[in-house]
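S.K.: the following block contains a protein sequence and its predicted model.
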Amino acid sequence: MTYLIAARAGFSPGEAETVAYASQYVDKNNRIYKIDQGKPTAYENYITQTLNILKPKSELMRIYPTFHFIPGEPLAPTAQRKDGKLHRLNTTPNSRNANLIFDTALDSGDLYRIGIAAHSYADTWAHQNFVGYYDVFNAMKGVFSAALPNIGHADAKHKPDQPALVWTDCRLISTHARVSNRVRFLEAAEHLFYKLRRCVDRTCLQTHMKQEANILRADLNWAIGPEDPKNHYRRDRIQRYLALSQRPAYGGHRLAKFDQRLWFDQAVDHTIHGISDHHKILSKFDPRKDEYAWKSNYLDSHWYRFQEAAKAQQKSAWGILCDRTLTLLELVNL
């Protein structure tokens, strides 16, 4: 969907694909690599997602509030709960913090930063009413709730991220408890479109943008398809997204299937010793570590440029959050 939005906003197919890949890779960039160790070209990346949500609190604070759960407006109407609780780190859609963080990325002109920030911005709709930190505020009622860590939307599992799902957030007042992800996602898509369209053409008339946004919403609504309680129709949805990508208004270019190793493999040579470090389970039992070395022209590679953009975006977002929100708290050593 991010690709379709960017292409409709006026980015070329190649630019839109870079923005969309960077946006999706935020969730897949969960491993720290040490490349060219002992050489002048030695490098270590930042992660933008974690495989272990039980990491130290300071590390969670670096990752979650900046990339997935931007603290919003505790008094937002959409945040009204049955128990009346408020939380300064609560994620709310289209918040001032989220807009400032996204706008700094847009001003940079860096497609990788724009993609990373687009992910965080859209997540303010998908992840609303959760905080990117350990807190009972995140807890959902139910038999299994106590067994799950109260971090982000762990208690809700994948429900907030499935576009065709209608579900119940039992923490919210009755008028907000029924959640339609379709409604949330289409609203996020429209706001993301406005941001990207203005990035391409600051002189674009509001009336024209609104017309385009309405068409975009209708097309994405069609692509999302019928309500899907079990997420059984995910592949059908993807095929409809791909069909849209071939229309002239969306670049007329069939979007390639996302391959989370593509950018990394283009930039880095990987020498496996024993069991590959990429094996989630068996690698834990192998003391031998794999070796990683840069390929030629790595400075121009997508993966390197994404990693540098992630560092820049984290620094920028953290500065904004410290100025506006985090300095009022004593959760970590800021």
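M.R.: Done, it's in. The structure displayed is predicted, hence computed values, not measured ones. Numbers count the residues shown, from 1 in each chain.

S.K.: before we move on, what SS does H153 have?
M.R.: coil (DSSP: H, G, I helix; E, B strand; the rest coil).

S.K.: just checking, it touches N138?
M.R.: Yes. Taking contacts as C-beta atoms under 8 Å, H153 lies within contact range of N138: 7.0 Å. For glycine as for every other residue, the C-beta is placed from the backbone atoms N, C-alpha and C.

S.K.: anything in contact with each of those two?
M.R.: F130 (C-beta atoms under 8 Å, 6 or more residues apart in numbering).

S.K.: relative to the whole chain's centre, how far out is stretch 259-270?
M.R.: How far stretch 259-270 lies from its chain's middle: 20 Å, per C-alpha atoms, centre = their mean, to the nearest Å.

S.K.: give me the buried positions along stretch 167-186.
M.R.: Residues W167, D169, R171, L172, H176, V179, N181, R182, R184, F185, L186 are the ones in stretch 167-186 that count as buried (16 or more other C-beta atoms under 10 Å).

S.K.: give me the pLDDT for the closest residue to I275 other than its chain neighbours.
M.R.: For I275, ignoring the flanking residues on the chain, the nearest one in space by C-beta to C-beta, 6 or more residues apart in numbering is D286 at 4.1 Å. Looking at D286, its pLDDT stands at 73.

S.K.: check P56 too.
M.R.: 54.

S.K.: before we move on, the earlier item: how many neighbours does the residue nearest to I275 have?
M.R.: 15 (other C-beta atoms under 10 Å).

S.K.: do the same with E212
M.R.: Residues near E212, counting by other C-beta under 10 Å: 19.

S.K.: so it makes contact with R8?
M.R.: Yes. In this structure, E212 is within contact of R8 by C-beta under 8 Å, at 6.6 Å.

S.K.: show me whatever sits in contact with both of those two.
M.R.: Common neighbours of E212 and R8 (C-beta under 8 Å, 6+ apart) are F193.

S.K.: could you measure D265 against H273, distance?
M.R.: According to C-beta to C-beta, to the nearest Å, D265 and H273 sit 18 Å apart.

S.K.: for the longest helix seen in the chain, which helices and strands make contact with it?
M.R.: Taking DSSP state H as the criterion, the chain has its longest helix at helix 302-324. Other elements packing on helix 302-324 under the criterion 3 or more C-beta pairs under 8 Å, 6 or more residues apart in numbering; DSSP states H and E are helix 13-28, helix 57-67, helix 96-108, helix 111-126, helix 262-267.

S.K.: the first one packs against which elements?
M.R.: What it means is helix 13-28. helix 2-9, helix 111-126, helix 262-267, helix 302-324.

S.K.: between helix 57-67 and that helix, find me the angle.
M.R.: Helix 13-28 and helix 57-67 are oriented at 150 degrees to each other (axes from the mean of the first three to the mean of the last three C-alpha atoms, to 10 degrees).

S.K.: now helix 13-28: buried residues?
M.R.: Buried residues in helix 13-28, counted by 16+ other C-beta under 10 Å: 13, 15-26, 28.

S.K.: check which element follows that helix along the chain.
M.R.: Where DSSP states H and E defines the elements, the next helix or strand beyond helix 13-28 is strand 34-35.

S.K.: now do the strands in the stretch 101-250 of the chain.
M.R.: Using DSSP state E, counting those that start in this stretch, the strands of the stretch 101-250 of the chain run over 166-168, 178-180.

S.K.: off-centre distance for the longest helix of the chain?
M.R.: 13 Å.

S.K.: residues in contact with that helix?
M.R.: 18, 21-22, 25-26, 29, 43, 45-46, 48, 62, 65-67, 70-71, 96-97, 100-101, 104-105, 108, 110, 112-113, 116-117, 120, 263-264, 266-268, 298, 334.

S.K.: and stretch 40-49, by the same measure?
M.R.: Counting by C-beta under 8 Å, 6+ apart, 25-36, 63, 67-68, 116, 294, 304, 307, 310-311, 314 sit against stretch 40-49.

S.K.: send the alpha carbons of it over as PDB?
M.R.: Output in PDB follows, covering the C-alpha atoms of stretch 40-49 (Å, rounded to 0.1, in the frame of the first residue of the first chain):
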ATOM      1  CA  PRO A  40      39.000   0.800   8.300                       C
ATOM      2  CA  THR A  41      35.600   0.000   6.700                       C
ATOM      3  CA  ALA A  42      34.300  -1.700   9.900                       C
ATOM      4  CA  TYR A  43      30.600  -1.000  10.300                       C
ATOM      5  CA  GLU A  44      27.800  -1.800  12.700                       C
ATOM      6  CA  ASN A  45      24.100  -1.100  11.900                       C
ATOM      7  CA  TYR A  46      21.200   0.000  14.100                       C
ATOM      8  CA  ILE A  47      18.200  -2.200  14.400                       C
ATOM      9  CA  THR A  48      14.700  -0.700  13.900                       C
ATOM     10  CA  GLN A  49      12.800  -3.700  15.200                       C
END
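
S.K.: centre of the chain to that stretch, how far?
M.R.: Distance, centroid of stretch 40-49 to centroid of chain: 19 Å (C-alpha atoms, centre = their mean).

S.K.: pLDDT weak spots in this structure?
M.R.: Within the chain, the segments meeting pLDDT under 70 span 53-58, 142-148, 280-284, 331-334.
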